[in-house]
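Q: Okay, predicted coordinates and the sequence, questions at the end:
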Amino acid sequence: MDVKQVKAYGTEASDAGLGELSIKRRGVTAKDVEIDIEYCGVCHSDLHFAKNDWGFSVYPVVPGHEIVGKVTNVGDAVTNFKVGDLVAVGCLVDSCRSCSNCENDLEQYCPEWVGTYGGHDKYFNMQTFGGYSESIVVDEHFVLKVPTNLNPAAVAPVLCAGITTWSPLRHWKVGKGSKVAVIGLGGLGHMAIKLANALGSEVTLFSRSPDKTKDAMNLGAHRVIISTDKDQMNTFQGHFDLIIDTVPYIHDVNPYVGTLATNGTLVLVGYLGPLDPMLNSVPMIMGRKTVAGSLIGGIAETQELLDFCGEHGIISEIEVINIQDINSAYERMLKSDVHYRFVIDMASLKA
Ligand code: NAP
Ligand code: ZN
Ligand code: ZN
């Protein structure tokens, strides 16, 4: 197997900033696609992982799992892609392919799934490195086709922010007449609003930031509830069929459970860890309500979403940055000052 050194941007420690690194990429094996990375979205998970918020980061960390680029090489047995194709890679680069989750297109729940960064790279027996890099080599099963009618930079966030909110919208069968709420207007939240609106549902944003109201309405929300205002929260008791909670840090989920209708579900996609304060079962029992969780989406579902975005002209609202600006972008993300996804122009790494 050939090995190439490529430029990347990452960090050697939880308290260090990101800077330039050199990483190894394998040459293509039979089923592999080599991709020259043109754009990479900046997810809050990148920041959590770089800072070891979840406690399982292995350094160096090279984040990035919203990747769009062009195919530069394919292995002998690749059938779906050719040199020059515009393609994407999301949060997954491998899985066992034989468990029941893999057989049901739920690779994200495979016990052996390999994350695009921080997963186990079986070729080098070390951690995988993500999209803040010049190129990546990925098995064709995990490579996606990008609709050519969309701005490729603004497609990148579909690969994580989009699919993470699309998967629960589809699983809980959101459509015309559904009442959907989204908590938090950041990367995930803004895609959730656009997608829930395109599916024909009534869309509400819960936000702590009154200054984001106008943007939310422009993105497709029908109303905004300021979550810190008890009167506004009380007005919507028993209202929503599905609430998608994108808040990245520990917070009280209970006030939102009260706003679910009978049989409604609040799905956590943001914060990872024990809840505090604990969940109160009373409003759940008194309305057969569910508090659930959801992880990204499978490969077929991600392709379904990319095709849906192509048909409906849906892209992310982006601020394009150079890789050298990544540390200040993380600082802004910590202040919820993202409008509404940073995307790195990877030409800045190659310069
Ligand atoms: P983001 O762009 O930073 O947006 C998060 C939004 O949540 C903020 O804009 C803010 O909205 C709100 N918020 C932030 N801190 C808060 C707090 N302490 N209390 C209440 N609200 C708060 O982040 P993102 O990229 O959308 O990611 C959101 C979370 O999802 C992250 O934790 C990320 O790791 C996770 N994630 C999970 C999956 C999955 O598969 N489950 C996939 C991708 C990302 P307002 O200003 O409107 O309040
Ligand atoms: Zn992500
Ligand atoms: Zn599997």
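A: Happy to help now that I have it. Ligands and ions are numbered 1, 2, ... in the order given.
Q: From one end of stretch 186-206 to the other, what's the distance?
A: End-to-end distance of stretch 186-206 (CA to CA, to the nearest Å): 11 Å.
Q: shift numbering so it begins at 486
A: Yep, numbering from 486; the last one is stretch 671-691 now.
Q: is any part of that stretch close to ligand 2?
A: No - counting by CB under 5 Å from the ion, ligand 2 is not contacted by stretch 671-691; separation bottoms out at 7.8 Å. The way it works is simple: take the backbone N, C-alpha and C, and place the C-beta from them, glycine included.
Q: Tell me how far that stretch lies from the chain's centre.
A: 14 Å (CA atoms, centre = their mean, to the nearest Å).
Q: Enumerate the positions of that stretch that are buried.
A: Using 16 or more other CB atoms under 10 Å as the test for burial, stretch 671-691 gives 671-684, 686-691.
Q: Of these, which fall within the contact range of ligand 1?
A: 671-674 (CB under 6 Å from any ligand atom).
Q: hmm, stretch 712-725 in reach of ligand 1?
A: No - in terms of CB under 6 Å from any ligand atom, no part of stretch 712-725 sits within range of ligand 1; the closest distance is 7.1 Å.
Q: buried residues in that stretch?
A: Across stretch 712-725, burial judged by 16+ other CB under 10 Å covers 712, 718, 721, 724-725.
Q: which ones among the ones next to ligand 1 among the buried residues of stretch 671-691 are found in helices?
A: Among these, DSSP state H puts 672-674 in helices.
Q: if I look at the residue in the stretch 486-635 of the chain that ligand 2 sits nearest to, how far off is Gly798?
A: Per CB to the ion, Cys528 is where the stretch 486-635 of the chain lies closest to ligand 2, at 3.0 Å. Cys528 sits 23 Å away from Gly798, going by CB to CB, to the nearest Å.
Q: quick one, which of these two is more surrounded?
A: Applying other CB atoms under 10 Å to Cys528 and Gly798 shows that Cys528 carries more neighbours, namely 27 against 10.
Q: Pull the contacting residues for the residue nearest to that one when sequence neighbours are not counted.
A: Setting aside the residues directly before and after it, Cys528 is nearest to Cys645 in space (CB to CB, 6 or more residues apart in numbering), at 5.0 Å. Counting by CB atoms under 8 Å, 6 or more residues apart in numbering, Cys645 makes contact with 526, 528, 530, 550-551, 575-576, 672, 781.
Q: One more: Lys697?
A: Residues in contact with Lys697 (CB under 8 Å, 6+ apart) are 670, 690, 709.
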